[in-house]
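Engineer: Let me see the structure of the following:
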Amino acid sequence: MSRCPKCEHLPPLDNLPSLKSLTLDNFNSLNYISDEMAESSSFSSPSTTFFPSLKILQLFDCPNLKGWWRTCRDAELVPQFPCLSNLTIRNCPNLTLMPTFPSLDMKLYLSNANIRPLHQTLKMKIMTATASTLPSTSSSVTAPFSKLKTLRLEEIEDLLSLPEEWMQSLISLENLTVSNLSNLVSLPRELQYVTTLRRLQIWSCSNLTALSDWMGNLTSLEYLDIDNCRKLESLPKVMRQITTLQRLIINDCPHLSERCGHDMAADWPNISHIPYIMIDRHQIQERGRYLLEEEGDSSASTEVQL
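Structural biologist: Below you'll find the predicted structure:
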């Protein structure tokens, strides 16, 4: 559903048991997705599952959206999406209360969004850990996001760092993008334990000053892209330990460009093993072959001919 600027609330969509994908786009007046009180919604019945088939949920450009329900007496008792796989929330900065989403296994993309629903879902880890000590609890219960493959966070003003307890659960994560997080000063140390990570993109984090030595523990990392991080001063020496790294792309990072831009630069010994290197949109190395040397030889030959 798209471009309904006067719509303020929707009917109880959880009454559609076969609904697999839901997109709300450009609902400028939408305050709540359902006008019903949470206590009277279908999830209050133990025999009914809340959105039993929903796999994909996308919320775009709903600037006045505050919550899933107009009335909810206890935010700790909200239902969860039982099989949600892919969640995108973009330009919904006031959305603070919604069903939790611990089952995500494909993608979580938050852009200009409130961080509270994420923290609410993370709390489920504590409840799961407590419940797991009970004899009647099924052993198949897993922590939130333990199967998540792709995570993208951007333009979240109140995010000072990635939640440490969250990093410990991301045991399947392969793709991580952090973008336009102006308050982010460092990546969390716990990220080093996400050894499944293959692709890391760091874009426009204006106060990020350093990458730590623990990056050497990212033993599956294949792709590193750093863009517009102007305070980032250098790459750690342990970069040479990441033998899986196939591509390094650095754009608009003046300190890094100076330290990585050619084979005599300070950080070159730490990255020279990477087959593909691009600095400020210029290809420096391709398939392990240093290209600037060839350009220099070509220039020298031209000068001799003159």
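
Engineer: number of nearby residues for L221?
Structural biologist: 22 (other C-beta atoms under 10 Å). Bear in mind the C-beta positions are built from the backbone N, C-alpha and C, glycine included.

Engineer: surely it meets T243?
Structural biologist: No. In this structure L221 lies outside contact range of T243 using C-beta atoms under 8 Å: 9.8 Å.

Engineer: is it true that R70 lies in a strand?
Structural biologist: Yes. According to DSSP: H, G, I helix; E, B strand; the rest coil, R70 belongs to a strand.

Engineer: The residue lying closest to it once chain neighbours are set aside and P102, how far apart?
Structural biologist: Closest residue to R70 apart from its sequence neighbours, by C-beta to C-beta, 6 or more residues apart in numbering: Y32 at 4.4 Å. Here Y32 is placed at a distance of 23 Å from P102 (C-beta to C-beta, to the nearest Å).

Engineer: Just want to know which of those two has more residues nearby.
Structural biologist: Neighbours per residue, other C-beta under 10 Å: of Y32 and P102, the larger number sits with P102, 23 against 20.

Engineer: What residue, apart from its backbone neighbours, is nearest that one spatially?
Structural biologist: That would be P144: by C-beta to C-beta, 6+ apart, it lies 3.6 Å from P102.

Engineer: Would you tell me what helix or strand the residue most central in space within the chain is located in?
Structural biologist: The chain has R152 as the residue nearest its centroid, 2.3 Å off, counting by C-alpha atoms, centre = their mean. Assigned by DSSP states H and E, R152 falls within strand 150-154.

Engineer: That strand packs against which elements?
Structural biologist: Contacting strand 150-154 under the criterion 3 or more C-beta pairs under 8 Å, 6 or more residues apart in numbering; DSSP states H and E are the following elements: strand 107-113, strand 175-179.

Engineer: Off-centre distance for it?
Structural biologist: Averaging C-alpha positions (C-alpha atoms, centre = their mean, to the nearest Å) puts strand 150-154 2 Å from its chain's average.

Engineer: contacting residues around that strand?
Structural biologist: The contact list for strand 150-154 (C-beta atoms under 8 Å, 6 or more residues apart in numbering) reads 106-112, 159, 162, 170, 173-181, 203.

Engineer: As a check, name the ranges of all strands in the stretch 151-300 of the chain.
Structural biologist: Under the criterion DSSP state E, counting those that start in this stretch, strands of the stretch 151-300 of the chain are mapped to 175-179, 199-203, 223-227, 247-251, 276-279, 282-286, 289-290.

Engineer: still on that earlier bit, tell me which residues form a beta bridge with the residue nearest to the centre of the chain?
Structural biologist: Y109, T177 (DSSP bridges).

Engineer: before we move on, the earlier item: my reading is that the residue nearest to P102 lies in a strand. Confirm?
Structural biologist: No. Counting by three-state DSSP, P144 is not part of a strand but coil.

Engineer: where does the chain have its least confident helix or strand?
Structural biologist: helix 292-305 (a mean of 48; mean pLDDT, DSSP states H and E).

Engineer: now the helices for the protein?
Structural biologist: Here the chain has its helices, by DSSP state H, at 116-131, 164-167, 254-260, 268-271, 292-305.

Engineer: T243 and D213: what is the separation?
Structural biologist: 16 Å.

Engineer: So the two - more neighbours on which side?
Structural biologist: Each of T243 and D213 has its neighbours counted (other C-beta under 10 Å); D213 has more, 13 against 10.
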